[in-house]
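Enquirer: here are the coordinates; sequence isn't available:
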């Protein structure tokens, strides 16, 4: 008899918890995004990965919006690493419809890996690249300049 009462009590508490979660989530929608943009030129290739969460919530008959984006940018050399033996400075930039970034990297010795740049990117104002974005990348090194585009590979 005690077991039946205990099971009934646990069941009621479980139903109350599920109902509470349901009520709390009413009027709230969350959308998760994950895009990987890739592209290459003759000398360089790049990858820009974007992860974002958008939240829409009804409060006081108004829709509140928030987003939480993050990104990661990588720049890789396509050719033989030995060709970078004289590389001590590289300037790069990337620009999409919502975000962009740039930087200058100075080396005390030539890079030992084809992955020359690897940086966290994004955040800021909450804007982020969408799946159909086209991101322009420009790289300047050893008196040369190369520009190419990254597209979503999905």
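Expert: Looks like it came in fine. These numbers were taken from a predicted model, which means no experiment stands behind them.
Enquirer: contacts, neighbours, all on C-alpha from now
Expert: Will do.
Enquirer: now the residue nearest the centre of the chain, what's its secondary structure?
Expert: Geometric centre of the chain, nearest residue: residue 50, 2.0 Å, by CA atoms, centre = their mean. For residue 50, the secondary-structure state derived from DSSP: H, G, I helix; E, B strand; the rest coil is strand.
Enquirer: how far away is it from residue 111?
Expert: As defined by CA to CA, to the nearest Å, residue 50 lies at a distance of 26 Å from residue 111.
Enquirer: over to residue 132?
Expert: Separation of residue 132 from residue 111 (CA to CA): 33 Å.
Enquirer: neighbour count winner among these two?
Expert: Under the neighbour definition other CA atoms under 10 Å, residue 132 and residue 111 were set side by side, and residue 111 has more, 18 against 13.
Enquirer: list the contacts of the more buried one.
Expert: Contacts here follow CA atoms under 8 Å, 6 or more residues apart in numbering; on that basis residue 111 touches 81, 84-85, 87.
Enquirer: weed out the non-buried ones from the residues you listed.
Expert: Among the contacts of residue 111, those classed as buried by 16 or more other CA atoms under 10 Å are 84, 87.
Enquirer: show the pLDDT at residue 87.
Expert: Reading off the per-residue confidence, residue 87 sits at a pLDDT of 86.
Enquirer: bridging residues for the spatially closest residue to the residue nearest to the centre of the chain that is not a sequence neighbour?
Expert: Take residue 50 and drop its neighbours on the chain: the residue closest to it by CA to CA, 6 or more residues apart in numbering is residue 71, 4.4 Å away. Here residue 71 shows beta-bridge partners residue 50, residue 121, assigned using DSSP bridges.
Enquirer: I figured residue 71 hits residue 47, correct?
Expert: No - the criterion here is CA atoms under 8 Å, and residue 71 misses it with residue 47 at 10.3 Å.
Enquirer: circling back to that earlier point, how close does the residue nearest to residue 50 sit to residue 137?
Expert: In this structure, residue 71 lies at 15 Å from residue 137, with CA to CA as the measure.
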